[in-house]
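[1] requesting a structural model of the entry that follows:
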Amino acid sequence: MPWGLSKQELFAKALSSSGCGPILRRCPLWNGVLILNYHRVGDGSNSLLDRELWSASIEDFEYQVRRVSLDFDVIRPEELTDAFSRRGRHVMLTFDDGYIDNYEFAFPILKAYNTPCVFFVTTGFIDHHLVPWWDEIAWMVRTSPRSHLPASEWSMETITFDEPDRQKAVKTLLKRYKTLNGGRTKLFMNYLGEALGTGRAPELIGEKLWMNWDQIREMQRGGMSFGGHTTTHPILANLSRDEQNFEIGNCQQRLTEELGKACRWFSFPVGGRGSFNNDTRELLAYHGFDWSFTYFGGYGTASRVDSLAVPRMAVETNVTRDLFDAILTLPQCFHRR
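    Sure, this is the predicted structure:
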């Protein structure tokens, strides 16, 4: 049973203050592949966008890269098959979406420590500078002149904006979005823009969010790997098979065109157990993806790895340095079912 957050923090502090952490990290207390997942690096504390997308400050990310590069075998995705078949403690670093801070802040740190990483990019964001739905919902809530969102067919109860940063309301509406059939998401977003009095987010926001293909190719030449994360970042299980085929196939096509070769790695948008289905699996194999990655779980071992649902450990804003060290020491205590 996973540890609750407070227990995680207490356990991590105990490992650090007792001096046991460094000793235990040198012991073979786990065996397999621990895959860490990030989204953004920097300070999002005052952003109008989804603040929970920031995984670490620049300083904390450097600490984390230094820690894994010193104490573990950091692997590339090409090495996954071998890593799962041999003993050892292997770590792989990953990023999702393709935000510009991946290039500006994360890439220089990764280069400095000669540490590989795989970046899963949403190709439509790169091509068209779209504002992603989670950032747009956060922007609409935080810039709304309203004090609440009334009950409607989209929300069965009134959502009150009773916090300074309106984070609770943002999370409630993001949760609602994730339940919607793909054909209804645009209607929902249009409703929010009207009901909140903001309209849809201006395109200018999207123009500043994403890496471009030249930057991605520079990172590829610098030793980084790239994989697919769909074309427009829908929840695949909420789409028809044909819609999923477009999202996966067009993503592979654009990666191949821009990077000169087909990509073999894919991560599921949102990444929970309900975010993909059997159609998704079949289409990933059809379009040449050998490995796909979730946003739940802990570390994988050869005896229980599913190549089309490989577990990843989320690195989020609540992960302190003590907690990060504890995750590396005993990942089996920090998994998310």
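[2] every contact and neighbour count from this point should use C-alpha atoms.
    Fine.
[3] which residue ranges form the strands in the protein?
    32-38, 40-41, 54-56, 73-74, 89-97, 118-121, 148-149, 159-160, 225-228, 265-267, 291-293, 299-300, 313-314 (DSSP state E).
[4] least confident of the ones you listed, on average?
    Note on those: lowest mean pLDDT is at strand 299-300, with a mean of 78.
[5] neighbouring strands for that strand, and are they parallel or not?
    According to DSSP bridges, strand 299-300 forms sheet pairs with strand 32-38 (antiparallel).
[6] ok and the strand it pairs with relative to strand 89-97, angle-wise?
    30 degrees (axes from the mean of the first three to the mean of the last three Cα atoms, to 10 degrees).
[7] then strand 32-38 to PDB, C-alphas only?
    What follows is strand 32-38, C-alpha atoms only, in PDB (Å, rounded to 0.1, in the frame of the first residue of the first chain):
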ATOM      1  CA  GLY A  32      15.200  -2.700 -12.100                       C
ATOM      2  CA  VAL A  33      14.500   0.500 -14.000                       C
ATOM      3  CA  LEU A  34      13.200   3.700 -12.200                       C
ATOM      4  CA  ILE A  35      11.800   6.200 -14.700                       C
ATOM      5  CA  LEU A  36      11.300   9.700 -13.500                       C
ATOM      6  CA  ASN A  37       8.900  12.000 -15.300                       C
ATOM      7  CA  TYR A  38       9.000  15.800 -15.400                       C
END
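[8] of the strands of the chain, which is nearest Arg254?
    For these, the distance to Arg254 is smallest for strand 225-228, at 9.4 Å, taking Cα to Cα.
[9] related to what we said a few turns ago, what would the strands of the chain look like in TSV with distance to Gly199 and mean neighbour count?
    Formatted as TSV, these follow (distance: least, Cα to Cα, whole Å; neighbours: other Cα atoms under 10 Å):
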stretch	distance to Gly199	mean neighbour count
strand 32-38	30	23
strand 40-41	26	26
strand 54-56	25	22
strand 73-74	45	19
strand 89-97	24	24
strand 118-121	27	25
strand 148-149	14	17
strand 159-160	18	16
strand 225-228	31	26
strand 265-267	31	26
strand 291-293	35	22
strand 299-300	42	23
strand 313-314	32	22
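[10] so can I have TSV of the ones you listed showing distance to Met219?
    Below are these laid out as TSV (distance: least, Cα to Cα, whole Å):
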stretch	distance to Met219
strand 32-38	17
strand 40-41	16
strand 54-56	20
strand 73-74	17
strand 89-97	13
strand 118-121	10
strand 148-149	43
strand 159-160	43
strand 225-228	8
strand 265-267	17
strand 291-293	21
strand 299-300	26
strand 313-314	23
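[11] quick check: which of those strands is nearest to Gly193?
    Of all the strands of the chain, strand 148-149 sits nearest to Gly193, with 11.0 Å by Cα to Cα.
[12] touching that closest one from outside, list them.
    With contact meaning Cα atoms under 8 Å, 6 or more residues apart in numbering, strand 148-149 is reached by 158-161, 195-196.
[13] in the stretch 51-200 of the chain, which spans are helices?
    Assignment of helices within the stretch 51-200 of the chain using DSSP state H, counting those that start in this stretch yields the ranges 58-71, 80-85, 100-101, 107-112, 123-128, 133-143, 167-178, 185-195.
[14] for the fourth one, buried residues please.
    So the one you mean is helix 107-112. 107, 109-110 (16 or more other Cα atoms under 10 Å).
[15] do the same with the fifth one
    The neighbour-count criterion (16+ other Cα under 10 Å) identifies 123-126 as the buried residues of helix 123-128.
[16] dump stretch 172-179 to CSV, keeping only the CA atoms.
    Presented in CSV, the C-alpha positions along stretch 172-179 are these (Å, rounded to 0.1, in the frame of the first residue of the first chain):
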residue,chain,number,x,y,z
THR,A,172,-12.1,20.7,-10.2
LEU,A,173,-12.5,21.9,-13.8
LEU,A,174,-9.4,19.9,-15.0
LYS,A,175,-10.9,16.8,-13.4
ARG,A,176,-14.2,17.4,-15.2
TYR,A,177,-12.5,17.9,-18.5
LYS,A,178,-10.8,14.6,-18.2
THR,A,179,-14.1,12.8,-18.0
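[17] next up, the contacts around Leu53.
    Per Cα under 8 Å, 6+ apart, neighbours of Leu53: 39-40, 316.
[18] with Thr294 instead?
    Thr294 makes contact with 267-268, 271-273, 309-312 under the criterion Cα under 8 Å, 6+ apart.
[19] make it 7 Å
    The contact partners of Thr294, by Cα atoms under 7 Å, 6 or more residues apart in numbering, come to 267-268, 271-272, 309-312.
[20] not counting sequence-adjacent ones, nearest residue to it?
    Gly271 (4.6 Å; Cα to Cα, 6 or more residues apart in numbering).
[21] please tell me how far Thr308 sits from Glu203.
    To be clear, residue 308 is Leu; Thr isn't right here. 35 Å (Cα to Cα, to the nearest Å).
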